[in-house]
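**Q** okay, here's the prediction I keep looking at, along with the sequence it came from:
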Amino acid sequence: MNILNICQRDYAGVGIALTRAVQQYAKKHKARHLCMQMHRFRYDTDIVTRNPAEIHKWVRWADVVNTHVRFRPIRQGQNPPKPKSLLITYHGTHYRAKHEMMHLRARKLGAKKSLCTTIDLTKFGVAEWLPTAIPVDRYAEMRRKHGGKPVVCQAPSNPKRKNSAEIRELLGNREDIQLLIVHHRPHNQILRRIAAADVFIDRFRLGLGVSGLEALAMGIPVIADASPQDEKLIIKEVGYLPYYKASLQGLVEAVETLLSDKALYKEYVERGNEYIRDFHDYPIVAKRYMEIIERMRGRPSG
């Protein structure tokens, strides 16, 4: 089977990671990834083109087209070909704001299946959760020890939305830790910075993002928070919260507690490792993705 993951811009590198997972762990199938433009964080790429004829060629090649976030990439040029089987993968902010409109467009364009990258997006009643693919062993090998003060790290794609100024105010002047806020750098540089952290701060109100998943894969406890409704969905699907729960107001106490309590720190390292390997590791996601596609096409998986 030929599978095309396609997007305008590959937000958080989700599309290329999913493609690599299928290429490595579902080898009887062929997977390619096409994006219309490079992301500013310079995630890995496969096919990069805005040429409608080139896009049409790859859509015709595919038995299944998975368009991420928007339908624009498959509507380029004159008389774009209709995908043989179409599904859409919804991502965070855009979908939360416009989910009803996107459901309508998906039906009009004949999408057979909807997926989403985070559990909270399932609450809109349409999409099935496909966990973001993470190459766990590769990221675990990147972990770096360091001397000196404990490093508390954040890697916000949007510093304003991720409360970076407030975090800097709460933790930036402390003499017992080093606060490292990494943004506006290529993805490979961000990963190297995260790899030296002792504690990682992810999202408040929205739970784990991709940077938080990357930190968990490196064996770093993650502080995050989500709404009560969303955390119920996480616990229902996973059985526990994989992150150390703390609000922005409780951040200082959370950092102090994790860094001072070795047993608790170890517990959250192990909890994060269990979660990332059970739900996000490349072979797990590749298998789940192919099972979803086979169900969508009415064929037995395997």
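**A** Sure thing, it's come through.

**Q** now residue 171: how far from residue 181?
**A** Here residue 171 is placed at a distance of 9 Å from residue 181 (C-beta to C-beta, to the nearest Å). For glycine as for every other residue, the C-beta is placed from the backbone atoms N, C-alpha and C.

**Q** what's the answer for residue 5, then?
**A** Separation of residue 5 from residue 181 (C-beta to C-beta) stands at 31 Å.

**Q** which one's more surrounded, these two?
**A** Shown here are residue 5 and residue 181; by other C-beta atoms under 10 Å, residue 5 has more neighbours (26 against 19).

**Q** as a check, name the ranges of all helices in the stretch 1-150 of the chain.
**A** Secondary structure of the stretch 1-150 of the chain, counting by DSSP state H, counting those that start in this stretch: helices at 14-25, 52-61, 92-108, 136-141.

**Q** revised request: answer the last question for the stretch 151-300 of the chain.
**A** Using DSSP H, counting those that start in this stretch, helices in the stretch 151-300 of the chain cover 164-171, 187-194, 210-217, 228-238, 251-260, 262-275, 282-296.

**Q** out of the ones you listed, the one nearest residue 71 is which?
**A** helix 282-296 (17.2 Å; C-beta to C-beta).

**Q** quick one: mean pLDDT over the closest one.
**A** The average of the pLDDT scores along helix 282-296 is 97.

**Q** and if you look at stretch 40-50?
**A** 93.

**Q** now swap in stretch 147-164 and tell me
**A** Averaged over stretch 147-164, pLDDT sits at 93.

**Q** show me what counts as buried in that stretch.
**A** Of the residues in stretch 147-164, those buried under the neighbour-count criterion (16 or more other C-beta atoms under 10 Å) are 151, 152, 153, 154, 155, 156, 157, 162, 163, 164.

**Q** that stretch spans what distance, first to last residue?
**A** By C-alpha to C-alpha, to the nearest Å, the extent of stretch 147-164 from end to end equals 25 Å.

**Q** how about stretch 43-54?
**A** 21 Å.

**Q** for the remainder of this discussion, apply numbering that starts at 22.
**A** Fine by me, first position is 22 from now on; the one you just mentioned is stretch 64-75.

**Q** run through who's touching that stretch.
**A** Stretch 64-75 has contacts (C-beta atoms under 8 Å, 6 or more residues apart in numbering) with 31, 33-34, 37, 40-41, 53-59, 76, 79, 97-99, 101, 208.

**Q** what's the distance between it and the middle of its chain?
**A** 21 Å (C-alpha atoms, centre = their mean, to the nearest Å).

**Q** ok, stretch 199-214 next?
**A** Relative to its chain's centre, stretch 199-214 lies at 17 Å (C-alpha atoms, centre = their mean).

**Q** picking that back up, and the buried residues of stretch 168-185, which two are furthest apart?
**A** Spatially, the most separated pair among these is 172 and 178, at 19.9 Å (C-beta to C-beta).

**Q** just the pLDDT for residue 323.
**A** Confidence at residue 323, expressed as pLDDT, is 35.

**Q** and if you look at residue 94?
**A** For residue 94, pLDDT reads 93.

**Q** measure residue 132 to residue 169 for me?
**A** From residue 132 over to residue 169 the distance is 52 Å, taken as C-beta to C-beta.

**Q** can you give the domain ranges for this structure?
**A** 23-154+302-317, 157-301 (automatic domain parsing).

**Q** and residue 115, how many neighbours does it have?
**A** Around residue 115 there are 13 residues (other C-beta under 10 Å).

**Q** same check on residue 29?
**A** The local packing of residue 29 (other C-beta under 10 Å) involves 17 other residues.

**Q** how about the one 5 residues further on?
**A** Around residue 34 sit 21 other residues, with neighbours defined as other C-beta under 10 Å.
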